[in-house]
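[1] the sequence and its predicted three-dimensional model are supplied below.
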Amino acid sequence: MDIKEFNNAIETLKNNLGKGLSACDIRIVGTGQSIAGFNTDTKLTAVLEQVTGYISQMLKDAGLPELQDYYLMDFDDDSLTIVLIMDKYQWSVLINKKEINLGFLLNVAIPDAHKALMKVLK
């Protein structure tokens, strides 16, 4: 695992989002261990690790399709978080909604970030 490559993926996201990126953290699923981040919020990281596990289990128990590439949560403080799901890694991204266009986020920034991280994982 090359931490520099993970940091390069974060730089891709930072370049796309600018001031819209409040924080992000790439972690190992199951351990919650952070391997790279920007303004990392350890409390949010720990909570999202559990939330992803709960959502995944609830979907499985209900016989519904699994989470695929990401899910999004909209908070009441003008922020939202996107959790990218990639094999044994999760990438939590905290966004300031006042600083970013949702269309750009979903159609450019997140696909570019996903592609950059997938490149690292190959």
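    All right, it came through fine.
[2] how close does Thr45 sit to Lys14?
    According to C-beta to C-beta, to the nearest Å, Thr45 and Lys14 sit 17 Å apart. Any C-beta I mention is one placed from the backbone N, CA and C, and that applies to glycine too.
[3] out of these two, which sits in the more crowded spot?
    Neighbour comparison, Thr45 and Lys14: the larger count goes to Thr45, with 21 against 17 (by other C-beta atoms under 10 Å).
[4] shouldn't the more buried one be in contact with Ile35?
    No. Using C-beta atoms under 8 Å, Thr45 makes no contact with Ile35, being 11.2 Å away.
[5] joint contacts of these two?
    Between them, Thr45 and Ile35 have Arg27 as joint contacts when contacts are counted by C-beta atoms under 8 Å, 6 or more residues apart in numbering.
[6] can you list the weak-confidence ranges in the chain?
    For the chain, the stretches flagged by pLDDT under 70 are 1.
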